[in-house]
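[1] pasting a predicted model and its sequence here:
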Amino acid sequence: MQENSPLRFSSPEEEIAYLKEQIARRERELLDRTPEIDNTDIETVGKQELFEYGTFTPDAVLRPEFQMNETELASEAAALETAKDQVSEVVALAESKGIHNALSVLDRLNNPYATDEVHRRLIELIRAGRVVAGLKEGVPPWQVLHMTLFEVTLPELPDEDREMSLTELVGTMGQFLAGMQAVSGEKRAWHYTLELAVSDKSDDIVFYVAVPTASVDLFEKQLLSLFPHALLVLQQNDYNIFTDDAAVAASTFTLNRHPIYPLRTNDEFESD
């Protein structure tokens, strides 16, 4: 988004009216391509786009009179530190002061659980057509409403069906990834995500795959043609890998060579 974007709204009502119009137009375009879609196609969300919106500078998305200054942001964050329900307080702030301001305050809390829940609630508000401040043309939240989330599991095969070797599995997965490159078109920067995760409401490690709703058929055909025993479950709601009052730790590593090179090719190993 350009910092000097000419379209900056002057009220939450103007913002939500424009956003609803944009979403309706995009949905009509999708219906023209895929008439079988229903309401469940906009039930799931991806929070990457909302996070990206929060990284834009205030000048890019807010008129000066709607921008909270550093003192106001710090004051709101300090008040939220002792709030009983941080999630509801941040959502209320978004409705009154705008999404970008609320995300700026949320970032200061450094609470992964609250961040995940706030993102979920904000997208629910947008989908329901509630007046929420801080959205404008060129920002991706409408795209989030057109992502579909699947839970994918690979059940243990019966004895009569031979399990794939690791080499075969890697090769088959390579075919799947190559086929999914069609998701990103020339006119629009669509993406899909693959994640291994454990939901806060489960102890099972499962695959989560988020794809553009318009590419659901492509995803299903690619996956089931290569992994016919895979089980796909449409997730109506996003999942949260964080739990309240829990500690969070992370580790990173750096590759010696450019990441385009594999750590090891599948003809060099037979087990992981």
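    Received, thanks.

[2] which parts of this structure are strands?
    147-153, 193-197, 206-212, 231-234 (DSSP state E).

[3] what angle separates the second one from strand 147-153?
    Strand 193-197 runs at 50 degrees relative to strand 147-153, counting by axes from the mean of the first three to the mean of the last three CA atoms, to 10 degrees.

[4] follow-up on the earlier one: residue 78 is nearest to which of the strands of the chain?
    Using CB to CB as the measure, strand 193-197 is the one of the strands of the chain that comes nearest residue 78, at 32.3 Å. Just so you know, the C-beta spots here come from the backbone N, C-alpha and C atoms, and that holds for glycine as well.

[5] averaged pLDDT, that closest one. What do you get?
    Rounded to a whole number, the mean pLDDT of strand 193-197 is 86.

[6] ok, now stretch 262-272?
    In this model, stretch 262-272 has an average pLDDT of 66.

[7] going forward, count from 61.
    Taking 61 as the first residue, the last one we looked at is stretch 322-332.

[8] I'd guessed residue 213 sits against residue 289; true?
    No - with contact taken as CB atoms under 8 Å, residue 213 and residue 289 are classed as non-touching, separated by 9.7 Å.

[9] now the helices for this protein?
    Counting by DSSP state H, the chain forms helices over residues 72-93, 108-115, 118-121, 130-141, 146-157, 159-169, 172-188, 201-204, 226-239, 276-286, given from the N-terminal end onward.

[10] who touches the fourth one?
    Contacting residues not belonging to helix 130-141 are listed as 128, 146, 149-150, 153, 161, 164-165, 168-169 [CB atoms under 8 Å, 6 or more residues apart in numbering].

[11] quick one: low-confidence residue ranges for the protein.
    Screening the chain residue by residue with the criterion pLDDT under 70, one finds the ranges 61-118, 120-122, 186-206, 218-222, 245-249, 259-262, 296-300, 303-304, 324-332.

[12] what's the domain layout of it?
    When the chain is parsed with automatic domain parsing, its domains come out as 72-203, 207-332.

[13] dump the residue contacts of residue 305.
    When contacts are counted by CB under 8 Å, 6+ apart, residue 305 is found next to residue 173.

[14] for residue 284, same thing?
    290, 292.

[15] distance of it from residue 236?
    For residue 284, the distance to residue 236 equals 10 Å [CB to CB, to the nearest Å].

[16] cool, residue 152 as well?
    Residue 152 sits 43 Å away from residue 236 when distances are taken as CB to CB.

[17] quick one on the thing from earlier: of the contacts of helix 130-141, grab the buried ones for PyMOL.
    Selection of buried members from the contacts of helix 130-141 for PyMOL, criterion 16 or more other CB atoms under 10 Å:
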select buried, resi 128+146+149+150+153+161+164+165+169
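
[18] of the contacts of helix 130-141, which pair is most distant in space?
    Those two in the contacts of helix 130-141 that are separated most widely, counting by CB to CB, are 128 and 146, at 17.3 Å.

[19] follow-up on the earlier one: mind putting the strands of the chain in JSON lines, distance to residue 280 and mean neighbour count included?
    Supplementary listing: the strands of the chain in JSON lines, determined by distance: least, CB to CB, whole Å; neighbours: other CB atoms under 10 Å:
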{"stretch": "strand 207-213", "distance to residue 280": "9", "mean neighbour count": "20"}
{"stretch": "strand 253-257", "distance to residue 280": "15", "mean neighbour count": "12"}
{"stretch": "strand 266-272", "distance to residue 280": "9", "mean neighbour count": "20"}
{"stretch": "strand 291-294", "distance to residue 280": "7", "mean neighbour count": "13"}
